[in-house]
Structures are given as C-alpha cells and as structure tokens.
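Novice: sequence and computational prediction follow.
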Amino acid sequence: MQPSKRVNIVSVKLVKKSSMLYRNRRIRSPQDIAELFREYLGEVDRKHFIVACLNTKNQSTNISTVHIGSINASIVHPEEVMKTTILSNAASILCCHPHPSGYPIPSSEDIEVTERIFAVGKIIGSDVIIFLGEMSFLLMHILYKIEFLCRNSVINI
C-alpha cells in the first residue's frame, strides 16, 4: 500500500497592486483605448504585452502586464493572457502590444500568438481585441471607421 499524499488546498485571486484614474469610464473608440494604454504604459523602450479586462458595459475593470520583452521580442502564451480574464470574469479583453521600433506591421510570431489567443478567447467566451504596433491616432481613427470592436479582430494602432 502506498503512503498517503498531502494535497494542498488553495484559492486563486487577483491582487490589486495599485490603481489609476481613467477619465473615460467607457471604451468607445480606438482613441479611448490608446489613451488608456498610454496612460498605463507611458513611454517604453521594450515590447510589453498588456491586457485590459472589460465588463459588459465596455468599462475597464483592470489592467495587467503579461510580459515585458526585449526591444524586438516578447514571448506571450495564451494561458498567461487568459489568467486575468478568467479571474476578472471579463466580458472582453483588450490586448496591447506596442512596437517601440515604431514599425507597426505584425510579425509572423505576432500573428501566430494572436490566432492562439483568439482560439482560447472563443473557448472561454471572451471577446478578444488585439492592438499591435505603434499607437498612432490617425491610424486608429481610420480603423475605427472600418471595424472597431469587431468580435475577435486585430487592429493596428
């Protein structure tokens, strides 16, 4: 007979590190999203992958940094992206992945991880909107007119 094994009893929760005031309560446009992420990130010299969770009224409930990479790489796994999503009971998430180089074209790795994040989002029932590249208001404004807040969409900003 094998000896008994001790099993840990755990709980999982989000821990608030700090907070920030965000003027726009509801996300209504790419400009609102860019403002939220700019306020959170400021100027960065490396790639960051940021997730903002939204409730059913498109109000941001929290923001977290999933990964900080190098100047030209950021390794992101969908399960890391979805941790906050699940724990927040988010209706949808905004993912921001600015390129400090200013070259906003998604790499093949960006496209691959985006597809994986979409697939996981679909399974858990959360809408996913990904933002790649440098945050440029002009480009955001054009894209807003074309396809803002489409289910599972990639928008370069």
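Specialist: That came in fine, so what should we check first?
Novice: use CA for all of it now, contacts and neighbours both
Specialist: OK.
Novice: hey, which helix or strand in this structure has the poorest pLDDT?
Specialist: When the helices and strands of the chain are scored by mean pLDDT, DSSP states H and E, helix 137-147 comes last with a mean of 35.
Novice: helices along this structure, start to end?
Specialist: In the chain, the helices defined using DSSP state H lie at 30-41, 78-87, 108-124, 137-147.
Novice: minimum distance to V15: which of the ones you listed has it?
Specialist: The closest of these to V15 is helix 78-87. By C-alpha to C-alpha, the value is 10.3 Å.
Novice: could you say what helices and strands that closest one packs with?
Specialist: Contact here means 3 or more C-alpha pairs under 8 Å, 6 or more residues apart in numbering; DSSP states H and E; on that basis helix 78-87 packs against strand 48-54, strand 60-68, helix 108-124.
Novice: need the contact partners of it.
Specialist: Residues from elsewhere that reach helix 78-87 (C-alpha atoms under 8 Å, 6 or more residues apart in numbering): 13-14, 51, 53, 64, 66, 92-93, 113, 116-117, 120-121, 126.
Novice: rerun at 6 Å
Specialist: I117 (C-alpha atoms under 6 Å, 6 or more residues apart in numbering).
Novice: hang on, the earlier thing: go through the helices and strands packed on helix 78-87 and pick out the most buried.
Specialist: strand 48-54 (a mean of 24; mean count of other C-alpha atoms under 10 Å).
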